[in-house]
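> okay, sequence plus prediction incoming.
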Amino acid sequence: MEYLELFFKSIFIDNMVFATFLGMCSYLAVSKKVSTAVGLGAAVIFVLLVTVPLNWLLDQYILKPGALSWLGENYAVYDLSFLSFIMFIATIATMVQLVEIIVEKFSPALYNSLGIFLPLIAVNCAILGGSLFMQSREIATLGLATVYGFGSGIGWFLAILAIAAIREKIRYSSVPAPLRGLGITFIITGLMAIGFMSFGGMLTGGEEESTEAPKEIVVELIKLEDSNNNEIKKTE
């Protein structure tokens, strides 16, 4: 159940594009055609699926404070967390280079259509964000890290696939001149983000948030009412 919840949460509620607006450069530039969007989305899924669990292993056994204790008690005092960015990016760059070689070998047409955006996956903030979110949220096991990476990739893939399909359709629509191009794309992205946020009630986390938020609002309203009553008494 925990794996399933994390999988759907990473796709819909914590979607890289619609929840945190990561990877927007590739999302906007490569979403003009569905074919190129599918190719880049599949590459992102593969890179996230591989790099997030690999970076989890690096974080657990090398980077975290005391992670080197498996080498001996003398190494338990070392803290290499300051190397997280360098190590994570090195892992991502290696996987992206592997993807680039595979795509160029088996699909030259897709390789040419993606152009510079395929190697730019290495510096895509959504890819690095997946590993950093995994680290900051302290995902407990390698299996959960793998599920989180795969779900995050699926979420990014669905986002770019949906906007590519919509952009192909609105090309033949009568969009007002000032909104053509990126203008209408940003508006559609915002509406899609609202739609994805509605999935929050499907999972336990969304239910907890929906029950806790009104309590906080009630407390703030009570404080405001008390302060207003005090002000009225002073004026009287």
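Structure's in. What do you need? Computed from a predicted structure; not experimentally measured.
> burial measure for residue 86, as a count.
Neighbours of residue 86 under the rule other Cβ atoms under 10 Å: 10. C-beta: built from backbone N, CA, C; applies to glycine.
> that one and residue 62, how far apart?
Distance of residue 86 to residue 62, computed by Cβ to Cβ, to the nearest Å: 12 Å.
> next: residue 157.
30 Å.
> again, but for residue 9
28 Å.
> equivalent analysis for residue 94, please.
Taking Cβ to Cβ, one finds residue 94 at 16 Å from residue 62.
> who's more crowded, the two?
Shown here are residue 94 and residue 62; by other Cβ under 10 Å, residue 62 has more neighbours (17 against 14).
> wait, the more buried one sits on residue 88?
No: if you go by Cβ atoms under 8 Å, residue 62 and residue 88 don't touch, sitting 11.4 Å apart.
> any idea how this protein splits into domains?
2-200, 203-236 (automatic domain parsing).
> output the below-cut-off pLDDT ranges for the protein.
Where the chain drops to pLDDT under 70, the residues are 202-236.
> all helices of this structure, in order?
Assigned helices in the chain, in chain order: 2-8, 24-29, 34-58, 84-106, 108-114, 125-136, 142-170, 182-197, 204-235 (criterion: DSSP state H).
> now those helices as CSV including distance to residue 73?
Output for the helices of the chain, formatted as CSV (distance: least, Cβ to Cβ, whole Å):
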stretch, distance to residue 73
helix 2-8, 33
helix 24-29, 46
helix 34-58, 21
helix 84-106, 24
helix 108-114, 49
helix 125-136, 25
helix 142-170, 25
helix 182-197, 48
helix 204-235, 39
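> out of the ones you listed, nearest to residue 72?
helix 34-58 (19.1 Å; Cβ to Cβ).
> next, the angle helix 142-170 makes with the closest one.
Helix 34-58 and helix 142-170 are oriented at 160 degrees to each other (axes from the mean of the first three to the mean of the last three Cα atoms, to 10 degrees).
> for helix 34-58, packing partners?
Other helices and strands packing on helix 34-58, by 3 or more Cβ pairs under 8 Å, 6 or more residues apart in numbering; DSSP states H and E, are helix 84-106, helix 108-114, helix 125-136, helix 142-170.
> of all these, which one is nearest residue 25?
Among those, helix 125-136 sits nearest to residue 25 (Cβ to Cβ), with 8.2 Å.
> that closest one packs against which elements?
Going by 3+ Cβ pairs under 8 Å, 6+ apart, helix 125-136 lies up against helix 34-58, helix 84-106, helix 142-170.
> how big is the angle separating the longest one from helix 125-136?
Using the same axes, to 10 degrees, one finds that helix 142-170 and helix 125-136 are set 150 degrees apart in direction.
> any buried residues in helix 142-170, and which?
144-164, 166-167 (16 or more other Cβ atoms under 10 Å).
> same check on the second one?
Neighbour counts using 16+ other Cβ under 10 Å place 84, 87-89, 91-93, 95-96, 99-100, 103 of helix 84-106 among the buried residues.
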